[in-house]
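**Student:** Take this sequence and fold it.
(one chain, ligands or ions: 1)
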Amino acid sequence: MEPVPATAIEFARRKRTFAWRGILPMLLLILLGCVLMVWGLPHNDPVIVLANMMIFFAGTWLVIAAKRYYRCPVCEKMVVPTKKDGTPSEISFGIDFKPEVCPYCKAVLR
Ligand SMILES: [Zn+2]
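**Tutor:** Alright, predicted model coming up:
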């Protein structure tokens, strides 16, 4: 078994941080928003506005967390999906969940 590169170890650590501080709070916000929505809907309660905002900000939270934590340890750029020729894609937001190498500096991430 060949040794795991230090960049891969550091990226795995960043991925875990992203899961705890990005994905988990997002899921909780969505869940809580849905509970509020179900609770408020039969009476057309103003709490529905709050529920909508919570679900909207869950998405914003994920984007901010990805930009902050889901980055290559070498060049500090967010790990985005790649096109077929290996260059980074130009979509406005996206992350590659199982990257082999960084799309920008080609550092080994796995
Ligand atoms: Zn990189």
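
**Student:** Identify the residues contacting the residue lying farthest from the centre of the chain.
**Tutor:** Largest separation from the mean C-alpha position in the chain: His43, at 34.8 Å (Cα atoms, centre = their mean). Counting by Cβ atoms under 8 Å, 6 or more residues apart in numbering, His43 touches no other residue. For the C-beta atoms, the positions are set from N, CA and C on the backbone; glycine is no exception.

**Student:** now for the lengthiest helix in the chain, which elements pack on it?
**Tutor:** As assigned by DSSP state H, the longest helix anywhere in the chain is helix 47-69. If you count contacts as 3 or more Cβ pairs under 8 Å, 6 or more residues apart in numbering; DSSP states H and E, helix 47-69 packs onto helix 6-18, helix 24-40.

**Student:** Ok, which of the ones you listed comes nearest Arg68?
**Tutor:** helix 6-18 (8.4 Å; Cβ to Cβ).

**Student:** Could you list every helix and strand that that closest one packs against?
**Tutor:** In this structure, helix 6-18 makes packing contacts with helix 47-69, judged by 3+ Cβ pairs under 8 Å, 6+ apart.

**Student:** dump the residue contacts of the residue most central in space within the chain.
**Tutor:** Using Cα atoms, centre = their mean, the residue of the chain that lies closest to the mean C-alpha position is Ala66, 4.1 Å off. By Cβ under 8 Å, 6+ apart, Ala66 lies in contact with Phe18, Gly22, Met78, Phe93, Ile95.
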